[in-house]
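Student: Got a predicted structure here, sequence first:
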Amino acid sequence: MPKRVTIMVVAVLGLALLAAAVVVGVHWWQGRDETTFEQAAAYAPSDAERLSWTNWSAVRKQVGSDLDAAFDADLSSASALVESAPVLESEFGFSPANAEWELFSQSAEGAVVIVKLPDGAAVGAVADHLDDLGFARPKDDDGVWMGGDTLLPEVGDNLTPELQYVALDADAGLVLTSDRDDYLQQVVDGLGDDEISGPMRSVVAASGEPLTAAVYDGDRVCRALAMSQADDDDQQTADRLIKEAGTVDPLTAYAMSVQPGGDVRTVMAFADDEQARTNADSRSTLAIGPAPGQGGNFAERFSVSSATAEGDLVTLDLSPKEGSYVFSDLSSGPVLFATC
């Protein structure tokens with residue numbers, strides 16, 4: 001009898017190990033399939049309402065390390081660190097000049113900048129810089145380095161307040177910064193476990209491997225890009241154009257991104273597939289006409305190369321006209337084809 005018990009226990013343990021191996025395998029393949037943008041967004045806190053993404057490694061391959069060239073190519077406006085770049089490079093040991101990517105997450109609760117260091121870069125070197133600059137070292141490795149608003153002016157000019165407090169994740173090769181130490185600690189404690197909303201994850205995945213992007217949850221996009229920000233005359237014009245275009249349903253998430261070839265992709269999430277099919281028609285119609293609140297016509301800025309509905313997502317692929325700044329101009333409202 002004891003031998004039979006032993007055999008059963010071994011068999012159960014074998015099945016458990018096999019199941020664990022299957023789970024690990026699934027997660028590994030999911031990681032293989034994810035874009036860099038998705039991997040970065042997975043670090044964002046669950047309360048994120050807006051994500052601003054800059055793939056600095058890809059931007060440098062596209063235009064070089066000159067930030068003026070990145071600005072001219074409409075690839076740097078999403079960054080929270082551009083104005084601070086010279087001091088970051090010389091004093092902090094990381095900057096847009098060597099970072100893999102930057103993700104700026106904003107919510108009603110707080111904001112955090114997440115920077116991925118280049119492969120092989122030692123987080124310890126950043127820690128040494130923080131020590132030298134006068135940041136107070138935390139007791140724990142996953143604690144917050146305390147700087148504050150009085151320290152930054154001593155370090156250098158034009159430093160964003162988001163650099164007041166810093167946290168480091170050596171395993172992931174991340175530097176996280178914020179203007180609030182308590183919020184930063186909250187983000188660090190949930191790093192990798194928190195998840196942004198499902199609709200936000202969907203529009204991030206549908207954005208591919210962009211050079212830069214802005215992502216909004218439903219509530220934020222319906223405030224930030226809504227025609228309610230326009231003056232009365234523009235609102236009346238918008239009401240007429242929307243009525244002529246057809247049904248316009250509320251968005252559950254929204255992403256606008258610059259693709260490697262220079263096109264701008266807009267992805268909109270809706271409550272269901274039927275709304276997506278309806279809005280593919282109405283919003284593509286709005287995207288080729290007048291641009292109340294922005295001035296002129298959208299056709300002066302870009303052409304719509306495709307408009308598709310797949311599941312609950314609508315994707316508009318836009319081809320910018322030479323000299324236009326479609327991404328930076330239309331990442332803030334009012335934007336007629338993105339209104340709720």
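Tutor: All right, it came through fine.
Student: Buried residues, stretch 259-276. List them.
Tutor: 259, 263-270, 275-276 (16 or more other CB atoms under 10 Å). All C-beta atoms are positioned from the backbone trio N, CA, C, and that covers glycine.
Student: my bad, should have said stretch 38-57
Tutor: Buried positions in stretch 38-57, judged by neighbour count with 16+ other CB under 10 Å: 38, 40-45, 47-57.
Student: on that earlier part again, want to try JSON lines for the buried residues of stretch 259-276, with distance to residue 224 as columns?
Tutor: Below are those laid out as JSON lines (distance: CB to CB, whole Å):
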{"residue": "259", "distance to residue 224": "22"}
{"residue": "263", "distance to residue 224": "23"}
{"residue": "264", "distance to residue 224": "17"}
{"residue": "265", "distance to residue 224": "18"}
{"residue": "266", "distance to residue 224": "14"}
{"residue": "267", "distance to residue 224": "16"}
{"residue": "268", "distance to residue 224": "14"}
{"residue": "269", "distance to residue 224": "15"}
{"residue": "270", "distance to residue 224": "18"}
{"residue": "275", "distance to residue 224": "20"}
{"residue": "276", "distance to residue 224": "21"}
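Student: In strands, which of those residues fall?
Tutor: 264-269 (DSSP state E).
Student: okay, the residues you listed in a markdown table with distance to residue 73 and pLDDT next?
Tutor: Shown next, in a markdown table, are these (distance: CB to CB, whole Å; pLDDT from 0 to 100):
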| residue | distance to residue 73 | pLDDT |
| --- | --- | --- |
| 264 | 12 | 98 |
| 265 | 16 | 98 |
| 266 | 18 | 98 |
| 267 | 21 | 98 |
| 268 | 25 | 98 |
| 269 | 28 | 98 |
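Student: between the buried residues of stretch 259-276, which is closest to residue 194?
Tutor: When the buried residues of stretch 259-276 are ranked by distance to residue 194 (CB to CB), residue 269 comes first, at 19.5 Å.
Student: circling back: return the member of the ones in strands among the buried residues of stretch 259-276 nearest to residue 252.
Tutor: Set against residue 252, the nearest of these by CB to CB is residue 269 (4.5 Å).
Student: Residue 251 is in contact with that closest one, correct?
Tutor: Yes. At 6.4 Å, residue 269 counts as touching residue 251 under the criterion of CB atoms under 8 Å.
Student: Domain boundaries for the chain, per the record?
Tutor: 37-189, 198-338 (automatic domain parsing).
Student: any low-confidence regions in the stretch 1-150 of the chain?
Tutor: 1-32 (pLDDT under 70).
Student: Do a quick rundown of the helices in it.
Tutor: For the stretch 1-150 of the chain, the helices defined by DSSP state H, counting those that start in this stretch cover 2-33, 36-41, 56-63, 67-72, 85-87, 123-133.
Student: Please identify the buried residues of stretch 68-78?
Tutor: 70-71, 73-78.
Student: residues making contact with that stretch?
Tutor: For stretch 68-78, contacts defined as CB atoms under 8 Å, 6 or more residues apart in numbering pick out 52-54, 59, 62-63, 67, 82, 96, 104, 211-214, 258, 320, 325-328, 331.
Student: Look up the closest residue to residue 80, ignoring the ones flanking it.
Tutor: residue 104 (4.4 Å; CB to CB, 6 or more residues apart in numbering).
Student: do residue 234 as well
Tutor: Sequence neighbours aside, residue 292 is the residue nearest to residue 234 in space, at 3.9 Å (criterion: CB to CB, 6+ apart).
Student: which residues do residue 269 and residue 251 both contact?
Tutor: Counting by CB under 8 Å, 6+ apart, the residues touching both residue 269 and residue 251 are residue 218.
Student: Please flag which of the contacts of stretch 68-78 sit within strands.
Tutor: 52-54, 104, 212-214, 258, 320.
Student: Farthest-apart pair in these, please.
Tutor: Top of the distance list for the ones in strands among the contacts of stretch 68-78 (CB to CB): 104 and 320, 22.9 Å.
Student: quick one, which of these two is more surrounded?
Tutor: Remark: of residue 104 and residue 320, residue 104 carries more neighbours, 24 against 18, as counted by other CB atoms under 10 Å.
Student: Write down the beta-bridge partners of the more buried one, one by one.
Tutor: Following DSSP bridges, residue 104 is listed with bridge partners residue 52, residue 113.
Student: Having no further points to raise, I will conclude here.
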